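> Kindly return the folded structure for what I paste below:
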Amino acid sequence: MDITEVTGQPLSSLVSDQLICKDCHIVDRDHERSRVGYACPTCGKASEGGRLYFSINIHILVDLIQESYHSSATSTSGRLYEGVGSHDISVIIYFCTLRETLLDKFITELLLAQYSRRGL
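Residues are numbered from 1 along each chain as shown. Model prediction:
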C-alpha cells in the first residue's frame, strides 16, 4: 500500500491507530482493548476502555500532512519558487513538526521506562 495514494480516509487511522494497556504498557493494534472489561493478552487485567498510544496532536499532524500533500495550488501567484507552492512547504513543516513531536515522545517514554525499571 502506498500511503501517498490514501484519500478516502484520514491517514492517522491507518498509521497511528495503536492502543496501550494502562497496566502493562504494551502497545499494539488490538482494537478489542477499547472494550470495557477486555482482558489484556499480555497482563490479563481487564481494560477500562481504549487508550490511544499517540496523542491527538500526532493524529492531527498526520492528517494535516495528508491534507497538505493532496492539496493542489490553483494558481502560480502563491508560488515561492518555480515549481514549489506554499502547500509543498507546509508538508515539510508539518513533517518536521511531527518528527520533533515523535522524538519528544520517544525520549519521554525511554526515560519513564528507565525510571520504572530502577523502581524509583
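> any low-confidence regions in the protein?
In the predicted model, the chain carries pLDDT under 70 at residues 72-87, 119-120.
> can you pull out the strands in it?
Assigned by DSSP state E, the strands in the chain fall at 19-20, 27-28, 79-81, 84-85.
> Which elements pack onto the first one?
Identification of packing neighbours for strand 19-20 by 3 or more Cβ pairs under 8 Å, 6 or more residues apart in numbering; DSSP states H and E yields strand 27-28. From N, CA and C alone the C-beta is placed, and that goes for glycine too.
> hey, which helix is longest across this protein?
Longest helix of the chain, by residue count under DSSP state H: helix 86-117.
> What residues sit buried inside that one?
By neighbour count on 16 or more other Cβ atoms under 10 Å, the buried set for helix 86-117 is 87-88, 90-91, 94-95, 98.
> Just to check, Ser34 is in contact with Gln18?
No - using Cβ atoms under 8 Å, Ser34 is not in contact with Gln18, being 11.9 Å away.
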